[in-house]
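In: Pasting the sequence and the predicted model now:
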2 protein chains.
Amino acid sequence: MSARTPDTARDIPEATVARLPVYLRALIVLADAGTATCSSEELAAAAGVNSAKLRKDLSYLGSYGTRGVGYDVEYLRYQIAREIGVTQDWPVVIVGIGNLGHALANYSGFRSRGFRVVALLDADPARHEEVVAGLDVRSFDDLEGIVEEHDVSIGVIATPAVAAQDVADRMVAAGITSVLNFAPIVLSVPEGVDVRKVDLSIELQILAYHEQRKAVTARAEDAS
Amino acid sequence: MSARTPDTARDIPEATVARLPVYLRALIVLADAGTATCSSEELAAAAGVNSAKLRKDLSYLGSYGTRGVGYDVEYLRYQIAREIGVTQDWPVVIVGIGNLGHALANYSGFRSRGFRVVALLDADPARHEEVVAGLDVRSFDDLEGIVEEHDVSIGVIATPAVAAQDVADRMVAAGITSVLNFAPIVLSVPEGVDVRKVDLSIELQILAYHEQRKAVTARAEDAS
DNA sequence: TATTGTGAACCTGTTCACAGCA
DNA sequence: TGCTGTGAACAGGTTCACAATA
């Protein structure tokens, strides 16, 4: 039975998992620039981390470098893509086609980085006329059919906060097990379902906190 | 000289800082629902963390609760808003008014959570005709004047990756010291400038990694 | 010789469990 | 009595520094 267990079954720390996509992005830039080989120092610089951290992270995947030489850009790129699971495209549905949903539907980065938007859904019938990014905006009631048809396991929520929990519940019931949530609300989902959230205001507030402290520190230094 | 040093000068762990906006959001929901008082257990549930972590986080700010009772919602809300620095609005400029820039300009959450978009800038003259969210889209060359006029210290970059570093350099030169970057590229900025990044594809890739492992685990269990 | 891969030390963040207090 | 605030134990993540090796 272990014959089916792939060699990617190692346990990779969460912090490392969150950085693998950054390394992959950096490798793609290097590959596009025609670079065949890079040292941990170079790759780390391109990814915005220090080289010790990069090497430690890569060591969880295996020994893909060559001592005294560095890493083969294409080879490492493939290994990381395989580890993340983006060697084939993942079908994705986006629910909530307001301003943000529009932007997400049109975002070319999804297509080029391992994702394919298969449907855009909105609860508002007034939006069902529209074609966005080459896709018809469809009724939210089509969710179950689309998930089944395309075997979708990742859903994106770009609705207002009040609708988000209902959307999440329907997604989970339909078989979706990973959710990217842009609504400013904490979703509750059953065990086994992953949720990641992006809250634009929270990011700005974190900056504001540090900005405020800069001002405070500057004033304190002025005074002394 | 220490008379000017406010009592917010304590050193708050970064992980705590990142959660304060979440607590603030939860408190606003509770306040809007008419809740006057809440326990650490209730607030933690609303914020999606455990109560021990919440209490520990709040303890870095001070002792704002009452033993045996809980927290006064309005009082704690104000204290956290003050700590973050969002009791007054921060002026913000957005550069890059494509799909995402449009969505950000129209995002009501900024206005309601301590930020005011004072200008929209784009390098493409074809976009300077447009009015988005009630603001004229202006030339990127107006950056310096706007930063000075409105005393802007926070900038948002929503340009394509190729333009982002140039935009960041101009922002820093103009006096901006905090940047929220949506372009999929690592920005290099001088000491003292904060950058936070949001990369939509990276979030999806992290979900994909876990999704892939679910499939692997399920197969391994089937086989045994 | 140059650079990787990694144990060990260190540091940060989380959880426990209970003392302190309204 | 009930809930906060917090030391102490624990877990996870980062950095150091060097042995392994192409």
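Out: Good, I have the coordinates.

In: Number of residues surrounding residue A:63?
Out: Summarising burial for residue A:63: neighbours were counted as other Cβ atoms under 10 Å in any protein chain shown, giving 8. C-beta coordinates here come from the backbone N, C-alpha and C atoms, glycine included.

In: three-state assignment of it?
Out: Put simply, residue A:63 is coil when judged by DSSP: H, G, I helix; E, B strand; the rest coil.

In: Would you mind naming what in chain A lies close to DNA strand D?
Out: By Cβ under 7 Å from any atom of the strand, the residues of chain A that approach DNA strand D are A:13-16, A:49-50, A:52-53, A:55-56, A:66-69.

In: Show me the longest strand that occurs in chain A.
Out: Scanning chain A for the strand with the most residues, using DSSP state E, yields strand A:115-122.

In: re earlier: how about the residues of chain A next to DNA strand D, which pair is most distant?
Out: Largest separation among the residues of chain A next to DNA strand D by Cβ to Cβ: A:14 and A:68, giving 31.6 Å.

In: which one of those two has more residues nearby?
Out: Under the neighbour definition other Cβ under 10 Å, residue A:14 and residue A:68 were set side by side, and residue A:14 has more, 9 against 6.

In: quick one: is the lowest-mean-pLDDT helix or strand in chain A near DNA strand C?
Out: Least confident helix or strand, chain A: helix A:200-223 with a mean of 89, by mean pLDDT, DSSP states H and E. No - where contact is defined by Cβ under 7 Å from any atom of the strand, no part of helix A:200-223 touches DNA strand C; the two come within 12.2 Å at best.

In: Mind giving me the packing neighbours of that helix?
Out: helix B:14-32, helix B:73-84, strand B:90-95, helix B:108-112, strand B:115-122, strand B:154-157, strand B:178-181, strand B:194-197 (3 or more Cβ pairs under 8 Å, 6 or more residues apart in numbering or on different chains; DSSP states H and E).

In: Please repeat the previous calculation with a cut-off of 6 Å.
Out: When contacts are defined as 3 or more Cβ pairs under 6 Å, 6 or more residues apart in numbering or on different chains; DSSP states H and E, helix A:200-223 sits against helix B:14-32, helix B:73-84, strand B:178-181, strand B:194-197.

In: circling back to that earlier point, give me the buried stretch members for the longest strand of chain A, please.
Out: Buried positions in strand A:115-122, judged by neighbour count with 16 or more other Cβ atoms under 10 Å in any protein chain shown: A:115, A:117, A:118, A:119, A:120, A:121, A:122.

In: ok, back up a step: need the contact partners of the least confident helix or strand of chain A.
Out: Contacts with helix A:200-223, where a contact means Cβ atoms under 6 Å, 6 or more residues apart in numbering or on different chains, come from B:1, B:4-5, B:17-18, B:21, B:84-86, B:90, B:109, B:113, B:115, B:153-154, B:178, B:180, B:194, B:196.

In: And for stretch A:64-77?
Out: With Cβ under 6 Å, 6+ apart as the test, stretch A:64-77 has contacts from A:27, A:30, A:31, A:35, A:36, A:37, A:38, A:39, A:79.

In: and the end-to-end length of it?
Out: Start and end residues of stretch A:64-77 are separated by 10 Å (Cα to Cα, to the nearest Å).

In: Is there proximity between it and DNA strand C?
Out: Yes - applying Cβ under 7 Å from any atom of the strand, one finds stretch A:64-77 in contact with DNA strand C at A:64, A:65, A:66, A:67, A:68, A:69, A:70, A:71.
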